[in-house]
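# Next input, structure requested:
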Amino acid sequence: MSDFETILYTVNGPIATITLNRPDELNTIVPPMPYEVSRAVGRAVRDKDVKVIVLRGAGRAFCAGYDFGDGFTHWGDELDTDGAWDPGKDFVFATASEIAPTQHFLSVWRSPKPVIAQVHGWCVGGGSDFALAADLIVASEDAVIGTPYSRMWGTYQTGMWTLRLGLAKAKYHGLTGRPLTGREAADVELINEAVPFAQLESTVADLAADLARIPLSQLAAMKLVMNNAYEAMGLAATQRLGPIVDGLMRNTPDALAFVERAGKEGARAVVAERDGAFGDYSQAPPERRPDPTHIITV
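This is a model prediction of the structure:
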């Protein structure tokens, strides 16, 4: 719809689809994307005919995380005072439900209507935090899901990696930053299912159709009970702490040097150095990277 800048919102019968729509930038996160996502989720929740929400990304990726190539200046008013990082403002920006990007992405967790994430290509950093907040996740086998911020410039933000993986795997991936392919993510139950890219859209459509056959009140009741169980274990506290610590880790001397170099040399250069020794993400061999011909068209 024309009233969104960074996403598309469509409805087909009982299925609402939210498509991240910055394909030339791998759907990296900039304002107003988080706020538009929550607006679209709210629209779907209020639509009495919608029973299921599907998330996806246009182009070659679901979402390649937050865009830091310009030094994160697009969030400057929320984070800086007189051109310098203001930790007090960052704290408010990280936690206030009205303005915190993470809290807006978590609208998919809070939605009473089930949300399916359709993941392909890159699903990394903040993009993975977002996708894993969905109720069900189906990925193409060659998708790459990971948290490169584990090595520099961030922390887990939504708590979903820990919730879905359990302690041993969450610590391994959280401390090393090593990614998983879609197939590997399904095998360790980070996500629900991995399929060949050619089957991704039809698999998600069939799953959404199955859910749409169930009364909405039943879907909402089951989601409420399951979400409440994890929230009772402290998930909401983790979702507050994660963005606060993330703000601190974006402003260590190492992190500031990393982003300054990205602004001067380009994000690709610093990312290549960060991941080169590990041989993954953009520095991985072709068989460990998403197939660039796997494109979602809108």
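# could you pull out the helices for this protein?
Ranges of helices in the chain, per DSSP state H, are 33-46, 76-79, 87-95, 101-105, 107-110, 126-131, 160-165, 167-176, 182-187, 197-212, 216-232, 235-249, 253-265, 267-276.
# tell me the most buried of these?
helix 126-131 (a mean of 30; mean count of other C-beta atoms under 10 Å). All C-beta atoms are positioned from the backbone trio N, CA, C, and that covers glycine.
# who touches it?
For helix 126-131, the external contacting residues (C-beta atoms under 8 Å, 6 or more residues apart in numbering) are 27-29, 37, 55, 61-66, 101-102, 105, 108, 117, 119, 123, 137, 145-147, 149, 154, 156-158, 160-161.
# Repeat that for stretch 202-210.
By C-beta under 8 Å, 6+ apart, the list of residues contacting stretch 202-210 reads I15, V52, V54, R56, I116, Q118, L136, V138, E193, V195.
# any idea of the pLDDT on F68?
pLDDT recorded at F68 is 76.
# Just to check, it is in contact with L256?
No. Counting by C-beta atoms under 8 Å, F68 does not reach L256; the two are 11.4 Å apart.
# quick revisit: out of the contacts of stretch 202-210, who's nearest Q239?
Of all the contacts of stretch 202-210, L136 has the smallest distance to Q239: 19.5 Å, by C-beta to C-beta.
# residues near that closest one, how many?
Using other C-beta atoms under 10 Å, L136 has 18 neighbouring residues.
# Model confidence for it, exactly?
98.
# Likewise for H74?
82.
# pretty sure it contacts I29?
No. The pair formed by H74 and I29 falls short of the contact definition of C-beta under 8 Å, at 9.7 Å.
# burial of G266, as a residue count?
12.
# do P23 as well
Neighbours around P23, by other C-beta under 10 Å: 18.
# Now do the spatially closest residue to Y172 that is not a sequence neighbour against P148, distance only.
Leaving out its chain neighbours, the residue that sits closest to Y172 by C-beta to C-beta, 6 or more residues apart in numbering is R178, at 7.4 Å. Relative to P148, R178 is positioned 10 Å away (C-beta to C-beta, to the nearest Å).
# Can you pick out the residue with more neighbours from those two?
P148 (23 against 17).
# Hmm, the more buried one is touching W122, no?
No. The criterion here is C-beta under 8 Å, and P148 misses it with W122 at 10.0 Å.
# what about the stretch 51-200 of the chain, any weak spots by pLDDT?
69-72 (pLDDT under 70).
# which residue sits closest to A133 in space, ignoring its chain neighbours?
With sequence-adjacent residues excluded and distances taken as C-beta to C-beta, 6+ apart, A133 is closest to W109, at 4.6 Å.
# now that neighbour: how far from A168?
Going from W109 to A168 by C-beta to C-beta gives 24 Å.
# And for Y9?
Using C-beta to C-beta, one gets 39 Å for the distance from Y9 to A168.
# try T162
Taking C-beta to C-beta, one finds T162 at 11 Å from A168.
# coming back round to it: can I get the helices of the chain in JSON lines including distance to D291?
Converted to JSON lines, those look like this (distance: least, C-beta to C-beta, whole Å):
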{"stretch": "helix 33-46", "distance to D291": "25"}
{"stretch": "helix 76-79", "distance to D291": "36"}
{"stretch": "helix 87-95", "distance to D291": "35"}
{"stretch": "helix 101-105", "distance to D291": "26"}
{"stretch": "helix 107-110", "distance to D291": "26"}
{"stretch": "helix 126-131", "distance to D291": "18"}
{"stretch": "helix 160-165", "distance to D291": "24"}
{"stretch": "helix 167-176", "distance to D291": "23"}
{"stretch": "helix 182-187", "distance to D291": "11"}
{"stretch": "helix 197-212", "distance to D291": "7"}
{"stretch": "helix 216-232", "distance to D291": "33"}
{"stretch": "helix 235-249", "distance to D291": "31"}
{"stretch": "helix 253-265", "distance to D291": "26"}
{"stretch": "helix 267-276", "distance to D291": "19"}
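# So which of those helices is nearest H294?
Closest among the helices of the chain, once you apply C-beta to C-beta, is helix 197-212, at 4.4 Å.
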